[in-house]
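A.B. asks: fold the following and give me the result.
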Amino acid sequence: MFHVRFSQALGLVGLVLLLLVTGCASPTSRSAGRARSEPLGRMPDGREIQVHTLENRLGMKVRVMDLGATLMEVSVPDRSGRFTNVILGATTLDAYLKGFPGAASVIGRYANRIRNSRFELDGRQVRVTPNMGVHHIHGGRVGFASHVWDAELIRDRDRAGVRFHRRSPDGEEGYPGNLDVTVTYVLTDSGELRIEYGAETDVATVVNLTNHAYFNLAGTGDILGHELQILSDRVTLADGDLIPTGGERDVAGTPLDFREPHRIGARIGDLRGGPRGYDHNFVLRGEKGTLRLAARAVDPVSGRVMECSTTEPGVQLYTANHFGGRREDPPNWGKHPAFCLETQHPPDAPNHPHFPSTTVRPGTPFRSTTVFRFSTLP
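C.D. replies: Coordinates of the predicted model:
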């Protein structure tokens with residue numbers, strides 16, 4: 001009798017343990033399939049490039065590769081549940097190696113422009129690589145977008161992600177200091193694509209990181225019918241090279257007034273004395289370093305909505321002005337096929353002490369977060 005009861009007790013304990021293990025493992029096992037890596041191709045020097053696919057329970061999918069920590073796809077549904085890639089992206093590594101013009105890569109060490117490719121830091125002149133005439137843009141001739149990053153997957157209960165890392169050595173493109181950089185992409189089950197940036201240095205340097213994703217919420221055509229709102233009252237004044245002069249202007253009564261939602265194309269033709277579209281740095285409301293809403297874009301036809309929140313002090317609106325009619329552009333790209341919301345510190349900030357500082361020192365890491373939240377209209 002004792003033997004029977006003992007066996008029954010063991011059986012009951014085993015069943016309970018099985019249920020506990022299964023219950024605990026079930027969410028993890030589901031999550032494990034939501035972040036995966038696979039080979040994409042090889043660099044000319046033989047290094048293998050992986051593409052990392054993130055999926056959430058809404059069916060959204062993000063694909064990002066090691067070269068440039070580049071987003072290749074952000075697939076989200078419209079109001080009818082149809083999924084479309086809402087960024088400009090190629091499907092092969094070869095296309096990027098040949099200079100795909102719409103790469104959604106990480107930009108650094110310094111996103112945007114630095115006048116005359118030089119600035120003063122702690123009393124000494126720093127000269128960085130000129131790659132826009134005499135000026136410096138987007139990190140130089142071989143910026144972060146052109147490097148291969150190390151990657152590791154993140155698998156959590158309610159999110160899937162990939163963390164990229166690279167060390168930018170002292171003197172790279174003229175920048176001082178060994179800089180350890182991490183960029184983490186996280187796709188949540190609530191429809192958010194989070195981008196978290198971090199950097200640590202061993203000597204004083206400057207850092208300004210962003211992602212140059214080109215968005216088209218319709219997935220095709222131009223973006224002039226997209227409705228855009230930017231929570232900003234001022235823009236930085238810039239010269240003919242789009243480099244800040246140090247001042248700011250109020251957006252009221254100008255084509256730069258996006259305080260209330262309106263079509264991107266409604267006043268684009270009223271811009272004078274500058275680029276053939278929007279390429280402006282907007283000074284965001286709120287406190288730098290706090291995550292707050294920066295912009296909201298809507299495609300009325302598909303019903304897709306994208307909200308951009310950031311800890312950065314500014315955002316550069318760019319309407320892909322250099323696309324359209326070029327021989328190297330993909331055949332379905334006309335004029336203004338996408339827009340960028342490059343969350344950032346102001347261009348040329350190292351040369352303007354009254355701008356938010358981009359200086360990073362040992363023991364004071366750089367931290368920045370930008371979140372793109374996708375949803376649909378009713």
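
A.B. asks: CA atoms for contacts and neighbours, from now on please.
C.D. replies: Will do.

A.B. asks: A199 against T184, yeah?
C.D. replies: No. Applying C-alpha atoms under 8 Å as the test, A199 and T184 come out as separate, 11.8 Å apart.

A.B. asks: between the two, who's got more neighbours?
C.D. replies: A199 (23 against 20; other C-alpha atoms under 10 Å).

A.B. asks: who are the neighbours in contact with the residue nearest to L217 when sequence neighbours are not counted?
C.D. replies: Nearest non-adjacent residue to L217, counting by C-alpha to C-alpha, 6 or more residues apart in numbering: V86, 4.9 Å away. Listed by C-alpha atoms under 8 Å, 6 or more residues apart in numbering, the contact set of V86 reads 73-76, 215-219.

A.B. asks: any idea how far V203 is from V86?
C.D. replies: Distance, V86 to V203, using C-alpha to C-alpha, to the nearest Å: 39 Å.

A.B. asks: and if you look at E73?
C.D. replies: For E73, the distance to V203 - C-alpha to C-alpha - is 36 Å.

A.B. asks: who has more neighbours out of these two?
C.D. replies: E73 (22 against 14).

A.B. asks: in a strand, the more buried one, correct?
C.D. replies: Yes. When DSSP: H, G, I helix; E, B strand; the rest coil is applied, E73 is found to be in a strand.

A.B. asks: who's it bridged to?
C.D. replies: R63 (DSSP bridges).

A.B. asks: with L153 instead?
C.D. replies: Residues in beta-bridge contact with L153 (DSSP bridges): V162.

A.B. asks: thought it was touching E38?
C.D. replies: No. Using C-alpha under 8 Å, L153 is not in contact with E38; the gap is 11.7 Å.

A.B. asks: quickly list what's touching both of the two.
C.D. replies: H52.

A.B. asks: same drill for these two, tell me which one is more crowded.
C.D. replies: L153 (20 against 11).

A.B. asks: what residues are up against that one?
C.D. replies: 35-36, 52, 160-163.

A.B. asks: okay, it: pLDDT?
C.D. replies: pLDDT, L153: 97.

A.B. asks: from D94, how far out is it?
C.D. replies: Where D94 is concerned, L153 sits at a distance of 24 Å (C-alpha to C-alpha).

A.B. asks: what's the answer for R263, then?
C.D. replies: Note on R263: its distance to D94, by C-alpha to C-alpha, is 35 Å.

A.B. asks: out of these two, which sits in the more crowded spot?
C.D. replies: Comparing R263 with D94 by other C-alpha under 10 Å, the one with more neighbours is R263, at 19 against 14.

A.B. asks: next up, the contacts around the closest residue to that one other than its chain neighbours.
C.D. replies: Leaving aside its chain neighbours, R263 sits nearest to E227 (4.2 Å; criterion: C-alpha to C-alpha, 6+ apart). Counting by C-alpha under 8 Å, 6+ apart, E227 touches 261-264, 297-300.

A.B. asks: I figured G246 hits T236, correct?
C.D. replies: Yes. With contact defined as C-alpha under 8 Å, G246 counts as touching T236 (7.2 Å).

A.B. asks: these two: which has the busier surroundings?
C.D. replies: Ranked by neighbour count (other C-alpha under 10 Å), G246 and T236 place T236 first, with 21 against 16.

A.B. asks: would you mind measuring from the more buried one to R285?
C.D. replies: On the measure of C-alpha to C-alpha, T236 and R285 end up 13 Å apart.

A.B. asks: ok, now T70?
C.D. replies: Separation of T70 from R285 (C-alpha to C-alpha): 29 Å.

A.B. asks: which of the two has more neighbours?
C.D. replies: For T70 versus R285, neighbours defined as other C-alpha under 10 Å are more numerous around T70 (25 against 16).

A.B. asks: so who does that one touch?
C.D. replies: 64, 103-106, 145.

A.B. asks: wait, which of the residues you listed is closest to L256?
C.D. replies: A104 (24.3 Å; C-alpha to C-alpha).

A.B. asks: from memory that closest one sits against M72, does it?
C.D. replies: Yes. With contact defined as C-alpha under 8 Å, A104 counts as touching M72 (7.0 Å).

A.B. asks: between these two, which contacts overlap?
C.D. replies: Joint contacts of A104 and M72 (C-alpha under 8 Å, 6+ apart) are 87-89.

A.B. asks: looking at the contacts of V86, state which has the most neighbours.
C.D. replies: The most neighbours of any of the contacts of V86, using other C-alpha under 10 Å, belong to L217, which has 31 neighbours.

A.B. asks: helices of the stretch 251-378 of the chain, residue ranges please.
C.D. replies: Counting by DSSP state H, counting those that start in this stretch, the stretch 251-378 of the chain forms no helices at all.

A.B. asks: for it, which segments count as strands?
C.D. replies: 262-263, 279-284, 292-298, 304-310, 314-318, 340-344, 359-360, 366-376 (DSSP state E, counting those that start in this stretch).

A.B. asks: Serialize those to TSV and add fields for distance to V134.
C.D. replies: Shown next, in TSV, are the strands of the stretch 251-378 of the chain (distance: least, C-alpha to C-alpha, whole Å):
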stretch	distance to V134
strand 262-263	35
strand 279-284	20
strand 292-298	32
strand 304-310	31
strand 314-318	22
strand 340-344	22
strand 359-360	22
strand 366-376	28
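
A.B. asks: right, and those strands - which one's nearest G99?
C.D. replies: strand 340-344 (18.3 Å).

A.B. asks: how about residues contacting the closest one?
C.D. replies: 111, 208-215, 310, 312-320, 370.

A.B. asks: from the shared contacts of A104 and M72, which single one is nearest N332?
C.D. replies: Using C-alpha to C-alpha, the shared contacts of A104 and M72 come closest to N332 at L88, 11.1 Å.
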